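[1] Sequence plus predicted model, see below.
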Amino acid sequence: MIIITDEKCAGYSRYGHPERPARITATVERLKNQTGLPVKWIVPAQATDRQILRAHAPEMVARLKIPRDFDADTPFFENISDCARASVAAALDAMQIARKGENVFSLMRPPGHHATRDRSMGFCYLNNIAIAVLEALGAGAKRAAVFDFDVHHGNGTEDILLDREGVAVFSIHQFPCYPGTGEKDAGKNCFNYPVEPSVPRETYRATLARALGDLKNFQPELVAVSAGFDGYARDPLACGTLLAEDFYWLGGELRAMKIPFFSLLEGGYSSDLPELIFAYLKGVEGK
Ligand SMILES: [Zn+2]
């Protein structure tokens with residue numbers, strides 16, 4: 001398992017904000033203090049403007065340097081442009097590594113799936129996964145899919161990839177919930193699987209299984225996974241019902257498709273996040 005991370009991504013925080021540096025630092029510590037899953041650690045390279053501008057408006061990228069909060073959930077930080085670009089770079093590296101057939105996880109912050117073409121929002125500044133998918137298409141991939149199991153709808157990914165030739169987006173999320181979208185499918189290629197708050201765990205898992213079936217039927221040559229762990233039963237931000245073993249199962253199901261895939265950390269705000277990520281990675285690795 002290759003894990004891409006960078007201490008830079010723990011270098012911004014606002015007191016009391018759930019999207020905090022310990023999400024990464026505690027997970028790194030957990031994964032370094034285990035022997036069951038061999039890990040090769042790497043740091044991200046760099047993302048270029050050309051890569052980022054495939055997904056975002058130039059004004060939106062410039063806005064990252066203007067010292068004003070983006071919304072109540074999404075504060076401005078002096079170094080947020082650098083941190084967001086490092087998170088994009090890790091996504092791009094993960095995509096390249098997956099295309100070579102290796103298991104890879106990007107353990108970075110900020111997350112990205114709420115960032116739309118024009119707007120940073122919902123703890124997200126640049127849309128890491130959409131940028132990586134567009135790069136894969138630019139590099140010659142013919143069919144790529146996004147599988148987003150974060151408990152929140154990947155509205156930004158949908159906004160950027162809507163009706164793009166050769167791409168399909170599958171998002172399983174709680175509805176109603178932030179950001180209020182994702183009740184129905186969108187365009188020709190964005191498939192949404194809403195689950196009700198506090199849905200029985202078996203129903204949540206059956207919905208994930210249905211989305212995985214549809215993903216497989218799309219026959220992508222590459223799958224980009226928005227791995228959010230906030231569908232967890234004890235997550236403070238939503239009313240999900242999943243347990244660590246469900247994330248293990250998800251990792252195993254993605255592995256069983258035998259299609260190259262890479263995963264990027266999106267949400268997950270419980271103090272159990274390191275265990276949830278560890279469970280998922282064991283599933284991915286077939287351990
Ligand atoms: Zn989320």
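    All right, it came through fine. Numbers count the residues shown, from 1 in each chain.
[2] okay, CA-based contacts and neighbour counts for the rest of this
    Will do.
[3] Now do the contacts for the closest residue to Asn128 other than its chain neighbours.
    Counting by Cα to Cα, 6 or more residues apart in numbering, Asn128 lies nearest to Val88, which is 4.6 Å off, once chain neighbours are set aside. Val88 makes contacts with Ala47, Ile52, Leu126, Asn127, Asn128, Ile129, Ile131, Ala132, as judged by Cα atoms under 8 Å, 6 or more residues apart in numbering.
[4] Next one, pLDDT for the second one please.
    Just to be clear, that refers to Ile52. Here the pLDDT value assigned to Ile52 is 98.
[5] Pretty sure it sits against Ile131.
    Yes. Contact status for Ile52 versus Ile131: in contact at 6.0 Å, counting by Cα atoms under 8 Å.
[6] Give me the buried positions along stretch 250-267.
    Buried residues in stretch 250-267, defined by neighbour count with 16 or more other Cα atoms under 10 Å: 250-255, 259-267.
[7] Can you tell me which of those is closest to Ile277?
    Nearest to Ile277 out of the buried residues of stretch 250-267 is Leu265 (Cα to Cα; 8.8 Å).
[8] And that closest one, how close does it get to the ion?
    10 Å (Cα to the ion, to the nearest Å).
[9] For stretch 104-114, measure first residue to last.
    End-to-end distance for stretch 104-114, by Cα to Cα, to the nearest Å: 22 Å.
[10] Spell out whether it and the ion are in contact.
    No. Against the ion, stretch 104-114 shows no contacts by Cα under 5 Å from the ion, the least distance being 8.5 Å.
[11] avg pLDDT for that stretch?
    Average pLDDT, stretch 104-114: 98.
[12] before we move on, what about stretch 59-79?
    Rounded mean pLDDT across stretch 59-79 is 98.
[13] distance between that stretch and the chain's centre?
    20 Å (Cα atoms, centre = their mean, to the nearest Å).
[14] Please report the separation between the first and final residues of it.
    18 Å.
[15] How about that stretch and the ion, any contact?
    No. Figure legend: stretch 59-79 not in contact with the ion (Cα under 5 Å from the ion); closest approach 12.3 Å.
[16] quick one, what contacts the closest residue to the ion within the stretch 1-150 of the chain?
    Across the stretch 1-150 of the chain, no residue is closer to the ion than Asp150, which sits at 4.9 Å (Cα to the ion). By Cα under 8 Å, 6+ apart, the residues touching Asp150 are Ser171, Ile172, His173, Ser226, Ala227, Gly228, Phe229, Asp230, Gly231, Glu266, Gly267, Gly268.
[17] nearest to Lys100, of these?
    Ser226 (19.4 Å).
[18] Could you pull up the residues touching Ile172?
    Counting by Cα under 8 Å, 6+ apart, Ile172 has contacts 148-153, 192-195, 207-208, 211.
[19] neighbours around Thr241, how many?
    As a burial measure, Thr241 scores 21 neighbours (other Cα atoms under 10 Å).
[20] Now it: closest residue in space, sequence neighbours ignored.
    Ala233 (4.0 Å).
[21] one step back: the buried residues of stretch 250-267 in helices, which ones?
    Leu250, Gly251, Gly252, Glu253, Leu254, Arg255 (DSSP state H).
[22] From what I see, Ala86 and Val43 are in contact.
    No. Judged on Cα under 8 Å, Ala86 makes no contact with Val43 at a distance of 9.2 Å.
[23] who has more neighbours, the two?
    Ala86 (25 against 16).
[24] who are the neighbours in contact with that one?
    Ala86 neighbours (Cα under 8 Å, 6+ apart): Cys9, Pro44, Ala45, Gln46, Ala47.
[25] And Glu19, by the same measure?
    Applying Cα under 8 Å, 6+ apart, the residues contacting Glu19 are Ser13, Phe123, Gly267, Tyr269.
[26] The third one contacts Tyr232, correct?
    No. The pair Gly267 and Tyr232 does not pass the contact test of Cα under 8 Å, sitting 10.5 Å apart.
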